[in-house]
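[1] need the 3D shape of this:
(2 chains)
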Amino acid sequence: AQKITQTQPGMFVQEKEAVTLDCTYDTSDQSYGLFWYKQPSSGEMIFLIYQGSYDEQNATEGRYSLNFQKARKSANLVISASQLGDSAMYFCAMIYRDDKIIFGKGTRLHILP
Amino acid sequence: DGGITQSPKYLFRKEGQNVTLSCEQNLNHDAMYWYRQDPGQGLRLIYYSQIVNDFQKGDIAEGYSVSREKKESFPLTVTSAQKNPTAFYLCASSPRDRGTYEQYFGPGTRLTVT
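    Reported below is the predicted structural model:
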């Protein structure tokens, strides 16, 4: 069965430091995709980054990069130079066969001034 | 402005009543999704639809029903059979293009059933 695991329920990071949010996944499908979303306290879901299972290069979007290690089944999010506005819940998700999607339980990130 | 609208933002109902949450998109996306989020938890998939007049159950479909009569609309009915309906409900759509699987989310509806 497909599964997404985020082992860090909460993290505290000093402003301007880089932060890595962990995500491991489990699937027997060969074709799948991995996402990261940010959810501020307002509740909206903000798309950050996407990595396809066949993409050889790690995805990057501005300060966000996805460290994709297929053999380890991990898809960690790296945020460089963190900002106070990065404080939020972060969710890892996977899309697999027939466009079905599962989400992890999330990591609450706190950026300290 | 293109996007997804969900209304209302807050909804209150008495136990035993069915309630329908609306979700409309003008992005011309083929796929639409409904998720439920409980406090401190991730999103759980209720139902999704890849094309008009077709939909599939997600992981927690029991007590919910949907329809997809138009591409733009994917309403969710929370029936009285749903044992714990109080939650935050999020609707999303996706273009399903190869290489573009981003989900566009609506602002959500907070449903409280007493």
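
[2] so what pairs up with residue 91 in the strands?
    You didn't pick a chain, so chain A it is. Beta-bridge pairing of A:Phe91 under DSSP bridges involves A:Tyr37.

[3] the chain in question should be chain B.
    Per DSSP bridges, the residues bridged to B:Cys91 are B:Trp34.

[4] quick check: it touching B:Phe74?
    Yes - under the criterion of Cβ atoms under 8 Å, B:Cys91 makes contact with B:Phe74 at 6.6 Å. The way it works is simple: take the backbone N, C-alpha and C, and place the C-beta from them, glycine included.

[5] need the residues of chain A near chain B, please.
    Counting by Cβ under 8 Å from any Cβ of the partner chain, chain A comes close to chain B at A:4, A:33, A:35, A:37, A:43-45, A:47, A:50, A:52, A:91, A:93, A:95, A:98-106.

[6] where do the contact lists of B:Cys91 and B:Phe74 overlap?
    Listed contacts common to B:Cys91 and B:Phe74 are B:23, B:32, B:34; contacts here mean Cβ atoms under 8 Å, 6 or more residues apart in numbering or on different chains.

[7] what packs against the host helix or strand of the second one?
    Which is B:Met32. Here B:Met32, judged by DSSP states H and E, is contained in strand B:31-37. Secondary-structure packing of strand B:31-37 (3 or more Cβ pairs under 8 Å, 6 or more residues apart in numbering or on different chains; DSSP states H and E): strand B:19-25, strand B:43-51, strand B:87-94.

[8] can you put those strands in JSON lines and add mean neighbour count?
    Formatted as JSON lines, the helices and strands packed on strand B:31-37 follow (neighbours: other Cβ atoms under 10 Å in any protein chain shown):
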{"stretch": "strand B:19-25", "mean neighbour count": "19"}
{"stretch": "strand B:43-51", "mean neighbour count": "21"}
{"stretch": "strand B:87-94", "mean neighbour count": "24"}
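
[9] columns mean pLDDT on top of the ones you listed, output as a markdown table?
    Listed next are those as a markdown table, based on pLDDT from 0 to 100:
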| stretch | mean pLDDT |
| --- | --- |
| strand B:19-25 | 96 |
| strand B:43-51 | 94 |
| strand B:87-94 | 95 |
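
[10] got a markdown table for those strands, with distance to B:Arg68 too?
    Shown next, in a markdown table, are the helices and strands packed on strand B:31-37 (distance: least, Cβ to Cβ, whole Å):
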| stretch | distance to B:Arg68 |
| --- | --- |
| strand B:19-25 | 10 |
| strand B:43-51 | 4 |
| strand B:87-94 | 11 |
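
[11] center of chain B - which residue?
    B:Trp34 (2.8 Å; Cα atoms, centre = their mean).

[12] okay, that one: pLDDT?
    For B:Trp34, the model assigns a pLDDT of 97.

[13] which ones are touching it?
    B:Trp34 sits next to B:21, B:23, B:45-48, B:58, B:64, B:66, B:74, B:76, B:89-91 when contact means Cβ under 8 Å, 6+ apart.

[14] do that again at 10 Å, thanks
    B:21, B:23, B:43-49, B:55, B:58, B:60-61, B:64, B:66, B:74-76, B:89-92 (Cβ atoms under 10 Å, 6 or more residues apart in numbering or on different chains).

[15] count residues in the vicinity of the closest residue in space to A:Gln2 that isn't next to it in sequence, would you?
    With sequence-adjacent residues excluded and distances taken as Cβ to Cβ, 6 or more residues apart in numbering or on different chains, A:Gln2 is closest to A:Thr27, at 4.8 Å. Using other Cβ atoms under 10 Å in any protein chain shown, A:Thr27 has 18 other residues around it.
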